[in-house]
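Asks: Please work out how this folds:
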Amino acid sequence: MACHITELILDCADPERLAAFWSEVLGYVEIGREDDGSIQIGPPGAEFGGPRPTLLLSRSSDPRAGKLPLHIDVNPTDRDQDAELERLLALGAKPADIGQGAGVSWHVLADPEGNEFCLLRTRIQPL
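Replies: Next up, the predicted model:
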C-alpha cells in the first residue's frame, strides 16, 4: 500500500486572506480552525484524510527566502484557460516570472502573498 497526500501546508502572514483566496480558486470551503490561527480548507463535505487533499494556511512571520521549492498547479474545470486566467486575476492573483520564458502553455501566477502557482491549459472534469 502507498501513501497519498492528505493536506498541503502553506505558511503565510494572513491565513484569513489566503483561505478566502484559495477557497475561491479551488471551490473549497473552510473545514477547520486551529488555536494558532491556522485555517484548513477543503472540498465541501470533506474532512482531513479524504481522497482530495486539504490546504492548511498556517500563520507564520518567517520571511520567505526566494522562489518556493514546491508550487501548486491548477487546471480550469468549467471554462477555458483564458477565462480562468481572468477570474484568477480578478480574485487577486498577479502574473509572476520565475524564468518560464515566452511561449509556454501555462500561466505562472502568485497568490496575494506572492506564492507562485501555475494555471495549466488543459480543461479537466470537476470531481
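Asks: Let me see the domain layout of this protein.
Replies: As assigned by automatic domain parsing, the chain contains the domains 1-61, 68-127.
Asks: Buried deepest among these, which one?
Replies: Of all the domains of the chain, domain 1-61 carries the top mean neighbour count, a mean of 15, counting by mean count of other Cβ atoms under 10 Å. Quick note: C-beta positions are derived from backbone N, CA and C, even for glycine.
Asks: Show the average pLDDT along it.
Replies: In this model, domain 1-61 carries a mean pLDDT of 91.
Asks: chain center to it, what's the gap?
Replies: 9 Å (Cα atoms, centre = their mean, to the nearest Å).
Asks: same thing with stretch 57-71?
Replies: Stretch 57-71 sits 13 Å away from the centroid of its parent chain (Cα atoms, centre = their mean).
Asks: Stretch 102-113 now?
Replies: That offset, for stretch 102-113, works out to 12 Å (Cα atoms, centre = their mean).
Asks: Now the terminal residues of stretch 4-22, how far apart.
Replies: Stretch 4-22 has its terminal residues 21 Å apart, counting by Cα to Cα, to the nearest Å.
Asks: Residue 71 contacts residue 111, correct?
Replies: No: the pair residue 71 / residue 111 is not scored as a contact, 10.2 Å apart, by Cβ atoms under 8 Å.
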